[in-house]
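Asker: my questions are about this predicted structure, shown below with the sequence.
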Amino acid sequence: MAEALYGENGFYTSAGAPRRNFRTSAHASPLWATAIWTLARRVDEALGSPESFTVVDVGAGGGELLNALSALVPRTWSLVGVDLAPRPEGLDPGVRWSDITPDGIDGLIIANELLDVVPVDVVERIDGMPRQVEVTPAGEEEIAGLVTGRDAQWLSTWWPLMEDGDRAEIGWARDDLWRELTGRLRRGVAAAIDYAADPAHDLAGTMTGYRDGRQVDPVPDGSCDITAHVVFNSLVEADDVVMSQRDALLTLGLTASPPSYDGDPTSYLSELAASGEAAELLDPDGLGGFTWLLHGVDISPVKIMGV
Ligand SMILES: C[S@@+](CC[C@H](N)C(=O)[O-])C[C@H]1O[C@@H](n2cnc3c(N)ncnc32)[C@H](O)[C@@H]1O
């Protein structure tokens with residue numbers, strides 16, 4: 001998975017991949033950026049509007065969120081995109097781009113659909129024992145070695161396999177990345193937003209592939225995205241907030257109620273389009289069903305989200 005996504009000619013390391021192949025909240029509507037802007041202002045206010053305030057988008061992909069934010073935020077704020085992929089074309093020149101998350105951040109870190117593409121190993125229970133599942137670039141599967149060490153420990157704690165044939169994805173690399181990111185905050189909030197795995201129900205695992213907007217077999221040949229839902233239980237710490245995207249966006253002021261017609265067809269049509277976009281972001285069976293995890297350093301995400 002690591003080679004196929006981030007190696008030479010990997011899916012993400014070739015420019016422009018995300019936009020071509022799938023649709024995230026950042027692609028769905030500018031209302032997404034407006035909600036993140038509201039969140040950022042709340043964090044800024046809670047920090048007492050420090051002289052330097054930074055919004056870091058980790059796994060910034062095509063830079064859609066940062067481009068939209070650059071039109072909204074005060075000039076004194078810094079916007080930083082972090083990605084293993086090259087700087088996207090058309091990114092606002094005021095936005096910094098790096099493959100390393102800066103340290104000592106006062107501000108907000110957003111990681112939208114980042115953790116689901118951090119490589120994981122797939123395992124399957126066979127004769128009572130979890131075994132590694134390997135797959136060739138041609139898509140042929142093979143059962144490999146026993147699961148040992150940190151893999152085994154993570155699996156038994158967070159995703160125990162109950163019956164033969166059950167599958168899981170081992171997510172400690174995601175836990176490590178998340179802890180590294182939250183460790184880069186001096187003061188502020190970090191938000192991880194992703195589709196959650198539910199080990200009690202996702203008995204066949206969750207790994208899948210996307211190519212040209214369609215779901216395909218997750219073949220590690222660099223031609224498709226490979227993603228697996230995120231186990232949030234292993235990420236959450238005391239005082240964190242975990243909520244659905246729907247609830248998060250509603251507390252950040254998004255509404256999807258249809259506009260009433262006031263005699264101006266142009267504004268009516270644009271309000272109607274916005275309410276359709278909001279409905280997509282809030283849809284509990286779609287993007288609204290994503291999980292938000294908010295972690296605060298020196299400020300309380302509970303207060304920020306008003307929950
Ligand atoms: C699914 S895309 C999401 C893009 C964007 N956040 C959005 O919502 O449209 C995930 C991005 O995370 C990047 N990525 C994966 N692992 C990363 C890491 N360790 N550090 C920085 N970026 C990473 C990938 O290159 C890819 O651009």
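Answerer: Sure, I can see it.
Asker: ok, now which ones touch the closest residue to residue 167 other than its chain neighbours?
Answerer: Spatial nearest neighbour of residue 167, chain neighbours left out: residue 205 (3.7 Å); criterion: CB to CB, 6 or more residues apart in numbering. (C-beta placed from N, C-alpha, C; glycine too.) With contact set as CB atoms under 8 Å, 6 or more residues apart in numbering, residue 205 has these partners: 122, 167, 168, 169, 228.
Asker: how does it look with 6 Å?
Answerer: 122, 167, 168, 169 (CB atoms under 6 Å, 6 or more residues apart in numbering).
Asker: per-residue confidence for it?
Answerer: At residue 205, the model reports a pLDDT of 98.
Asker: swap in the one 5 residues further on?
Answerer: Residue 210 carries a pLDDT value of 92.
Asker: and for the host helix or strand of residue 55, what's in contact with it?
Answerer: Using DSSP states H and E, residue 55 falls within strand 54-58. With CB under 6 Å, 6+ apart as the test, strand 54-58 has contacts from 40, 65-66, 78-82, 101, 105, 107-111, 114, 181.
Asker: go on, stretch 298-307?
Answerer: 42, 46, 187, 189, 241, 251, 294.
Asker: please put the alpha-carbon coordinates of it into CSV.
Answerer: Extracted in CSV, the C-alpha atoms of stretch 298-307 (Å, rounded to 0.1, in the frame of the first residue of the first chain):
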residue,chain,number,x,y,z
ASP,A,298,-4.3,24.4,26.1
ILE,A,299,-7.9,24.9,25.0
SER,A,300,-11.0,22.8,25.3
PRO,A,301,-12.5,21.3,22.1
VAL,A,302,-15.7,20.8,24.1
LYS,A,303,-16.0,24.6,24.5
ILE,A,304,-14.9,25.2,20.9
MET,A,305,-17.7,22.9,19.6
GLY,A,306,-20.2,24.0,22.2
VAL,A,307,-21.0,20.4,23.2
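Asker: of all the residues in it, which ones are buried?
Answerer: 299, 301, 304, 305 (16 or more other CB atoms under 10 Å).
Asker: out of those residues, which are inside strands?
Answerer: In strands, judged by DSSP state E, none of the buried residues of stretch 298-307 are found.
Asker: as JSON lines, those residues with pLDDT and distance to the ligand would be great.
Answerer: Output for those, formatted as JSON lines (pLDDT from 0 to 100; distance: CB to the nearest ligand atom, whole Å):
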{"residue": "299", "pLDDT": "97", "distance to the ligand": "23"}
{"residue": "301", "pLDDT": "98", "distance to the ligand": "20"}
{"residue": "304", "pLDDT": "97", "distance to the ligand": "20"}
{"residue": "305", "pLDDT": "97", "distance to the ligand": "20"}
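Asker: which of these sits closest to residue 163?
Answerer: Set against residue 163, the nearest of the buried residues of stretch 298-307 by CB to CB is residue 301 (37.2 Å).
Asker: which strand residues bridge the closest residue to the closest one other than its chain neighbours?
Answerer: Spatial nearest neighbour of residue 301, chain neighbours left out: residue 294 (3.8 Å); criterion: CB to CB, 6+ apart. When bridges are called by DSSP bridges, residue 294 pairs up with residue 191, residue 241.
Asker: before we move on, the earlier item: which of the contacts of residue 205 fall in strands?
Answerer: Reading strands off those with DSSP E, I get 122, 167, 168, 169.
Asker: out of those, which is most surrounded?
Answerer: residue 168 (29 neighbours; other CB atoms under 10 Å).
Asker: related to what we said a few turns ago, what are the buried residues along the strand holding residue 55?
Answerer: So strand 54-58, judged by 16+ other CB under 10 Å, has buried residues 54, 55, 56, 57, 58.
Asker: repeat for stretch 218-229
Answerer: So for stretch 218-229, counting by 16+ other CB under 10 Å, buried means 218, 219, 220, 221, 222, 224, 225, 226, 227, 228, 229.
Asker: helices - which of these land there?
Answerer: Taking DSSP state H, every one of these sits outside helices.
Asker: okay if I get the residues you listed as CSV plus pLDDT and distance to the ligand?
Answerer: Output for those, formatted as CSV (pLDDT from 0 to 100; distance: CB to the nearest ligand atom, whole Å):
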residue, pLDDT, distance to the ligand
218, 95, 14
219, 94, 17
220, 94, 15
221, 93, 17
222, 92, 13
224, 93, 12
225, 94, 7
226, 96, 10
227, 97, 7
228, 98, 12
229, 98, 12
